[in-house]
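Asker: Pasting the sequence and the predicted model now:
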Amino acid sequence: MQLPANADRLYIEHSVANERAGGFYEREGFAVERIESSPTEDPALGVVWRVRHLALIEQTSGQA
């Protein structure tokens, strides 16, 4: 899969309870944008939305 040439950010989501995924995405440069509550009001079933700005990737990939 290839992103459109004009893409400036990448979004992902995972459940609040999935701390392993959260740690992985944090290490990969994704920042929390928002956390949505679960319709059941169970905090563990909430959804964490993360974003990674692609302009930052281009700037750092050219550095040695």
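Answerer: Right, received. Where do you want to start?
Asker: Where do the strands of this structure begin and end?
Answerer: Secondary structure of the chain (DSSP state E): strands located at 9-15, 31-36, 47-53.
Asker: Reformat the ones you listed into JSON lines and put mean pLDDT and mean neighbour count next to each item.
Answerer: In short, each C-beta sits where N, CA and C put it, glycine included. What follows is these, written out as JSON lines (pLDDT from 0 to 100; neighbours: other CB atoms under 10 Å):
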{"stretch": "strand 9-15", "mean pLDDT": "95", "mean neighbour count": "14"}
{"stretch": "strand 31-36", "mean pLDDT": "96", "mean neighbour count": "12"}
{"stretch": "strand 47-53", "mean pLDDT": "96", "mean neighbour count": "16"}
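Asker: Tell me which of those strands sits nearest to Gln2.
Answerer: strand 9-15 (12.3 Å; CB to CB).
Asker: related to what we said a few turns ago, JSON lines for the strands of the chain, including distance to Phe24?
Answerer: Listed next are those as JSON lines, based on distance: least, CB to CB, whole Å:
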{"stretch": "strand 9-15", "distance to Phe24": "9"}
{"stretch": "strand 31-36", "distance to Phe24": "13"}
{"stretch": "strand 47-53", "distance to Phe24": "10"}
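Asker: Would you mind telling me which of these is nearest Tyr25?
Answerer: strand 47-53 (5.2 Å).
Asker: chain center to the closest one: distance?
Answerer: Its chain's average C-alpha position is 3 Å from that of strand 47-53, according to CA atoms, centre = their mean, to the nearest Å.
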